[in-house]
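**Q** Compute the structure for the input listed below.
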Amino acid sequence: MNLAFRIVLSSAIALTVAACDPGDTLDPNTGEPTITEADASNGGGADATADVGADIEDPVGPRYFAVYVADTPDYDCSPISKNHGADIDAAELKDSLTGDSIGFVTNAAGAPGDGSANCKGTPAADKQVPDEFVGAPDGDLSGGFVALAGGYITGEFGATEITSAYTIQIYEVGVDECGDQNCKDDPMEVGLATDASCDVFSNGCSIMLSGTAVGDATIPVGAF
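**A** Coordinates of the predicted model:
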């Protein structure tokens with residue numbers, strides 16, 4: 001083997017080795033080294049191909065499809081109606097830019113409390129039906145709402161994911177329905193849940209938007 005041929009052969013071997021990273025394999029069709037995750041993290045290199053990073057996914061945080069409303073610790077009873085804590089009638093999803101209605105809660109679940117901390121006795125059974133949270137506002141002092149009594153209610157807006165593009169309107173039976181000082185707008189916590197089955201008191205499936213909402217409250221979702 002002459003000297004010139006040995007130099008050319010050595011150069012070709014050096015280039016081939018330089019193009020490969022640990023873990024690379026050769027493509028049986030082209031003889032070229034294939035891409036690895038190490039290549040992708042280094043910017044691709046000389047052997048980058050169209051499927052760079054195909055098996056590398058960016059972390060995705062929780063996605064929220066439900067709103068929740070919970071009584072705050074200082075909930076109390078209405079002197080006349082004797083319902084316990086916040087009396088939740090409905091929730092509406094709105095476009096945050098236009099104010100247009102996207103829709104009302106389509107399905108609901110929840111865990112109303114017993115009211116024992118501040119109130120005398122548990123609310124009547126017909127005041128603790130989650131389905132009363134579904135649809136447009138229809139509550140008054142005689143019914144059509146959910147008495148939270150220290151608990152919470154969750155509701156989904158169909159299959160709509162709740163993002164910063166939306167605003168949430170909560171409708172609570174209070175002063176507007178009573179018209180005098182014997183009724184009150186009860187304080188409540190409003191937030192998002194991954195779905196209507198989320199246990200917002202004990203699981204990491206929810207995020208609070210406001211801990212000081214009162215009455216018919218408008219809550220911008222904002223960034224989270």
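**Q** In the protein, where is pLDDT below threshold?
**A** 1-59, 73-83, 116-121, 179-182 (pLDDT under 70).
**Q** need the helices for it, in chain order.
**A** 3-19, 37-41, 175-178 (DSSP state H).
**Q** Tell me the buried residues in stretch 95-103?
**A** Using 16 or more other CB atoms under 10 Å as the test for burial, stretch 95-103 gives Ser96, Ile102. C-beta here means a position set from N, CA and C on the backbone, and glycine is covered the same way.
**Q** So what touches that stretch?
**A** Stretch 95-103 is contacted from outside by Glu92, Leu93, Lys94, Phe157, Gly158, Thr160, Ser164, Ala165, Tyr166, Thr167, Pro220, Val221, using CB atoms under 8 Å, 6 or more residues apart in numbering.
**Q** Tyr152 and Ala109 touch, don't they?
**A** No. Between Tyr152 and Ala109 no contact is recorded; they are 9.7 Å apart, counting by CB atoms under 8 Å.
**Q** more neighbours, those two?
**A** Tyr152 (26 against 20; other CB atoms under 10 Å).
**Q** what sits against the more buried one?
**A** Per CB under 8 Å, 6+ apart, neighbours of Tyr152: Tyr68, Val69, Ala70, Asp71, Gly110, Ala111, Pro112, Val200, Phe201.
**Q** need those in TSV with distance to Gly99 and neighbour count, can you?
**A** Shown next, in TSV, are those (distance: CB to CB, whole Å; neighbours: other CB atoms under 10 Å):
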residue	distance to Gly99	neighbour count
Tyr68	23	29
Val69	21	27
Ala70	26	28
Asp71	28	27
Gly110	28	23
Ala111	32	16
Pro112	31	23
Val200	27	25
Phe201	32	11
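**Q** In strands, which of those appear?
**A** Among these, the members falling in strands (DSSP state E) are Tyr68, Val69, Ala70, Asp71, Gly110, Ala111.
**Q** Quick check: the nearest residue to the third one once chain neighbours are set aside vs Gly113, distance?
**A** By that I understand Ala70. Setting aside the residues directly before and after it, Ala70 is nearest to Tyr152 in space (CB to CB, 6 or more residues apart in numbering), at 3.7 Å. Here the criterion is CB to CB, to the nearest Å. By it, Tyr152 lies 8 Å from Gly113.
**Q** what's the answer for Pro137, then?
**A** 23 Å.
**Q** more neighbours, these two?
**A** Gly113 (21 against 18).
**Q** Tell me who's in contact with that one.
**A** For Gly113, the contact set (CB under 8 Å, 6+ apart) comprises Asp71, His84, Gly85, Leu148, Ala149, Gly150, Gly151.
**Q** how does the protein divide up, domain by domain?
**A** 1-57, 66-220 (automatic domain parsing).
**Q** In a markdown table: the ones in strands among the contacts of Tyr152, plus distance to Val175.
**A** Listed next are those as a markdown table, based on distance: CB to CB, whole Å:
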| residue | distance to Val175 |
| --- | --- |
| Tyr68 | 23 |
| Val69 | 17 |
| Ala70 | 21 |
| Asp71 | 17 |
| Gly110 | 24 |
| Ala111 | 26 |
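**Q** With that, I have no additional questions.
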